[in-house]
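*Asks:* Sequence plus the predicted model coming up.
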Amino acid sequence: MLFRVDPTSTVPLGDQIAACVRRAVADGAVAPGERLPAARALAESLGVNVHTALRGYQRLREEGLIELRRGRGAVVADGASPHRARLLERVREMVGEARELGMTEDELLALVRSELSAG
Amino acid sequence: MNRKNTGRAALAAMPFLLALAADLILFATRRDRLPAQLASHFVGNGRADDYAGRTSYVVITTVLLVGTGVLWVLMTARGGFHGRAYRRVVACGYAVAGFLGYLMAVVLLVNVDAAEDAQGRAQDVSFPMWQLAAALGVAALASGLGLLLAAVLPVPEEPSADGQADRQADGTTAGGERIALAAGEVAGWARSTGNRWLLPAVALTCAGAVALLFAVGWSAAVPVLLVGLLLLSFARPNVAVDRRGITVSGMLPWPRVRVPLDRIETAASRDIKPLTEYGGWGYRIRPGRTGIMIRSGEGIVARLADGRDFAVTVDDSATAAALLNTLIDQRRTEH
């Protein structure tokens, strides 16, 4: 898969790496079970710090998109469907917009809860 | 076989014939001083653990040198090697002939005047391990001689212009796609590739190593095991394309193959037929092209500055080729 990062952007590099993988899963460019480059290899490839690459991968693991295996790099998780990746992208957008509006965490969560109970 | 090929065959055959002649002359002149059963196989400490009759020695030496000689004659006459690759093949043949010829001579000489036991076996014969180093030295000298001879004697000409035109027709020199990168944006592409036959091959090799360990000893098992481990580390290779060029690595950081971006002129994605284009699978070096053939099908083909091709079979190669061409464009505008 293609990774692209912009060091001049205000978005942290780790988040940019995570966004690349999310996008690739959403597009179907990578399928569950596929191996991603090890964090060290990815960092060398893009010329970023290993910890930066790891931070991106850890974020993806928390989202359930990849599994990290010690010494064996990252593997796209079985549950990582394009739908799930697209949903995760929307959640990020939503949180970003809520922050721009100056909403607090509780306010946003209250909105989501009310939407959930209405459904 | 035309005249050029006859010359090539003679050049390739010569070291094997010379080695065979030397070994057979040594045998003929010392025949009366040899035991009935020569010590023929040695273990780590140089002690003999197997024996062979005098006739066996002659037969084994002849089969070994003639067999490897025929292999090299076929490679130089039919392999289609040109220029530097051709000289290297010839030099390798000289090295192998020197190594084998020297070892067989040493085996013969350590048996001269050996005492015999009741079965006629050579007694108190040992093979000094430094002779292996000496054999490597002989191989190095012989390969130097081979390089020299191959360079002095008329070298077969490079592939004709027709061949170049054929290769351009397959699209490897086309302009190709690009990936739109913003100013300052850094891009890298990575993909793991594999072949379902590789893991069984690894298992088979390792099983062979274990069998050899019990049947022959560690000296035979270790090299086979090393080959198995090398295969294992490349069972699922990673291919990366980025600002550094093309990198193909196994599970460990080393060994790996890297083609620097500076050496690449253009890249394309196309279907690759390993058997007809590269003569098989694995790391292939052919005249005018090098390739890592893991399976049949799509792959990246890069045309290098020296006119050679470097190819690796991998999925999603169109993206990789587009990124390579983009990075090459960037490099050109920067300079």
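*Replies:* In hand now; what should we look at?

*Asks:* Quick check: closest non-adjacent residue to residue A:56.
*Replies:* In space, and not counting its chain neighbours, residue A:56 is closest to residue A:17: 3.3 Å by Cβ to Cβ, 6 or more residues apart in numbering or on different chains. Placement of C-beta: from N, CA and C, glycine included.

*Asks:* cool, and residue B:144?
*Replies:* residue B:91 (7.5 Å).

*Asks:* and that neighbour, what element?
*Replies:* helix B:83-111 (DSSP states H and E).

*Asks:* quick one: low-confidence ranges for chain B?
*Replies:* Low-confidence segments of chain B (pLDDT under 70): B:1-4, B:79-82, B:154-175, B:196, B:253, B:335.

*Asks:* and the residue in it sticking out farthest from the centre, helix, strand or coil?
*Replies:* No residue in chain B sits farther from the centre than residue B:118, which is 45.0 Å out by Cα atoms, centre = their mean. Under DSSP: H, G, I helix; E, B strand; the rest coil, residue B:118 falls in the coil class.

*Asks:* Any chance of the backbone angles for it?
*Replies:* In terms of degrees, to the nearest 10, the main-chain angles of residue B:118 are phi -60, psi -40.

*Asks:* Would you quantify the distance from it to residue B:35?
*Replies:* Distance, residue B:118 to residue B:35, by Cβ to Cβ, to the nearest Å: 12 Å.

*Asks:* Could you tell me how many residues sit around the residue nearest to residue B:144?
*Replies:* Applying other Cβ atoms under 10 Å in any protein chain shown, we find 22 residues neighbouring residue B:91.

*Asks:* residues contacting it?
*Replies:* Listed by Cβ atoms under 8 Å, 6 or more residues apart in numbering or on different chains, the contact partners of residue B:91 are B:143, B:144, B:146, B:147, B:150.

*Asks:* among the residues you listed, which ones are buried?
*Replies:* B:143, B:146, B:147, B:150 (16 or more other Cβ atoms under 10 Å in any protein chain shown).

*Asks:* biggest helix in chain A, by residue count?
*Replies:* Longest helix in chain A, counting residues (DSSP state H): helix A:82-100.

*Asks:* For it, what is the distance to the chain centroid?
*Replies:* Distance of helix A:82-100 from its chain centroid, counting by Cα atoms, centre = their mean, to the nearest Å, is 10 Å.

*Asks:* Heading C-terminal from it, find the next helix or strand.
*Replies:* Next along from helix A:82-100, by DSSP H and E: helix A:105-118.

*Asks:* Can I get the least confident helix or strand in chain A by mean pLDDT in PDB? Just the C-alpha atoms.
*Replies:* Least confident helix or strand of chain A, by mean pLDDT, DSSP states H and E, is strand A:73-76 with a mean of 85. Only the C-alpha atoms of strand A:73-76 are listed here, as PDB (Å, rounded to 0.1, in the frame of the first residue of the first chain):
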ATOM      1  CA  GLY A  73       5.100  -6.300  12.100                       C
ATOM      2  CA  ALA A  74       1.500  -5.300  11.600                       C
ATOM      3  CA  VAL A  75      -1.300  -7.300  10.000                       C
ATOM      4  CA  VAL A  76      -4.600  -6.000   8.900                       C
END
